[in-house]
Structure formats: C-alpha cells, structure tokens
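Participant: Please work out how this folds:
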Amino acid sequence: MPLLIDCYNVLHTPAPGRAGSDLTTATLCHQLAGTKWARYGITVFCDGLPKPDERFDPPANVQMVHSGPQRSADDLILARIEEEANPRRLVVVSSDRAIRAAARRRKANSWTSEEFLGRLQQQSATRPPRSAGKPGPLTEDQVDHWLRAFGFDEQGGRD
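Facilitator: Numbers count the residues shown, from 1 in each chain. Next up is the predicted model:
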C-alpha cells in the first residue's frame, strides 16, 4: 500500500515520547526507508521549494515532492488521490480534513498524523537497530580472518 504523506502536517504533530522539534524532513524520510511501507512506495509532499535543511538525497524508496511557489502540498495530494486508478491501495497520511475527506470519498485508507507517528514509532521499536553510515574499523581478528580468507599469509604475501 503506497503511502502519501503530508510532510509538514506530520512534522508539526506532537508524538508521544518525543520532543516536537527532533523530527525533520530528512530524519522522517530516512526512518521511512527502513519500514515495511518502503517496499510499496512512499511519497512525501512538502509545501513550496526545498528549504536549505531539506536539500538532501532521499533514500531510493522515498520520493520527495515539493509543490513549488504557486501550489500547496495539499493540492498535490488531492490531485494524486483523484488520479489514482486504484485508490483503495493508498494510505493517505494527514490530519487535514479536506484531504481525509477526499481519501474517504475515493475509499483510500486514511491515517491522521498522530496515528501514523504511533505506527512509525511502533515499527521503529520492533526493528533491530541499523548502523547509520559506514561500518567502523575492523578488529585485528577480523583483518586476520579476511587475510586468510583471501589467501594471504601473516607477512602479507600470497600462500
């Protein structure tokens, strides 16, 4: 079920157990990339043009769409709901009444921002922690193991 997310609506919704300011567009996108929803496609809709702190490469399975100066993210979400050939497969995330009404009218699934943040928090709690970024340096034992695995002796020459 593809997710359509009203980004600023989600970012400005207090979630249980977290301060309101710790979730950014970048952290939201990276958290979403590690969820079960990522395999179905996630589109995060933002108002306006990217702000300096939003200039990042989203993960491959998360698409970011900015509305530009003349439209709102709400306009884009509403259009996407209307143009979807199979709206029952969508999950629309917003607490905006007009967006939720459009989702219900097309029989799409609809979650408030609060519901979504609760589900996201639940998924994060059940998922094993992932290493952020590059792995740390190898231990001596790991280096020795890989040298032997590739046929090198202790002096660095081939066996």
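Participant: show me what contacts Pro59?
Facilitator: When contacts are counted by C-beta atoms under 8 Å, 6 or more residues apart in numbering, Pro59 touches Cys29, His30, Leu32, Ala33, Ala38. For the C-beta atoms, the positions are set from N, CA and C on the backbone; glycine is no exception.
Participant: pLDDT weak spots in the chain?
Facilitator: 15-21, 53-54, 124-138, 141-142, 145-146, 153-159 (pLDDT under 70).
Participant: quick one, strands of it?
Facilitator: For the chain, the strands defined by DSSP state E occupy 3-6, 42-46, 62-66, 91-93, 109-111.
Participant: all helices for this structure, in order.
Facilitator: 7-11, 25-33, 73-83, 97-105, 113-126, 140-149 (DSSP state H).
Participant: In this structure Val91 contacts Leu4, no?
Facilitator: Yes: counting by C-beta atoms under 8 Å, Leu4 is a contact partner of Val91 at 7.2 Å.
Participant: between those two, who's got more neighbours?
Facilitator: Neighbour totals were compared for Val91 and Leu4, and Leu4 leads with 24 against 19 (other C-beta atoms under 10 Å).
Participant: could I get the strands of the chain as TSV with distance to Arg100?
Facilitator: Converted to TSV, the strands of the chain look like this (distance: least, C-beta to C-beta, whole Å):
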stretch	distance to Arg100
strand 3-6	10
strand 42-46	14
strand 62-66	19
strand 91-93	7
strand 109-111	5
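Participant: what's the closest of these to Ala85?
Facilitator: Nearest of these to Ala85, taken as C-beta to C-beta: strand 3-6 at 14.3 Å.
Participant: so what does that closest one touch, helix or strand wise?
Facilitator: Identification of packing neighbours for strand 3-6 by 3 or more C-beta pairs under 8 Å, 6 or more residues apart in numbering; DSSP states H and E yields helix 25-33, strand 42-46, helix 73-83, strand 91-93.
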